[in-house]
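**Q** From the sequence below, what's the structure:
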Amino acid sequence: MDEDDRPRRRSPESNLGAASLLASESLERYSLDELDARIVLLETEVVRIRAHRDKSSAHMAAAEALFRPKTT
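**A** Purely as a prediction, here's the structure:
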């Protein structure tokens, strides 16, 4: 198995990866414009994550329906 084919190990600090790093970062050095830009970026990321979660949920529901035992 190639190194690239192996599953990536998650950060030992948290299972949330980059999100936990962002949450703990000091915001003191950012200007108001930079904070506004960061808010827009993060709101866009939340929309993307929710869309992916909804797609994953629909996929799981379809798989469960497909493999659910038939009742008579």
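
**Q** Phi first, then psi, for Glu25.
**A** phi -70, psi 140 (degrees, to the nearest 10).

**Q** That one - how many residues pack around it?
**A** 11 (other CB atoms under 10 Å). Where you see a C-beta, it was placed from the backbone N, CA and C, and this is true even at glycine.

**Q** Give me the pLDDT for it.
**A** Glu25 carries a pLDDT value of 93.

**Q** show me where this protein has helices.
**A** Taking DSSP state H, the helices of the chain run over residues 18-24, 32-67.

**Q** residue nearest the centroid of this structure?
**A** Ile49 (5.4 Å; CA atoms, centre = their mean).

**Q** Any regions of this protein where pLDDT drops low?
**A** Applying pLDDT under 70 to the chain picks out residues 1-14, 72.

**Q** same thing but 90
**A** The chain contains residues with pLDDT under 90 at 1-23, 68-72.

**Q** Quick check: the residue nearest to the centre of the chain vs Ser57, distance?
**A** 12 Å (CB to CB, to the nearest Å).

**Q** What is the burial count for Ser26?
**A** For Ser26, the neighbour count with other CB under 10 Å is 6.

**Q** State the phi and psi torsions of it.
**A** Dihedral angles (degrees, to the nearest 10) for Ser26: phi -70, psi 140.

**Q** what separates it from Ala58, distance-wise?
**A** Applying CB to CB to Ser26 and Ala58 gives a distance of 39 Å.

**Q** repeat for Ser31
**A** Counting by CB to CB - Ser31 and Ala58 are separated by 41 Å.

**Q** try Tyr30
**A** 37 Å.
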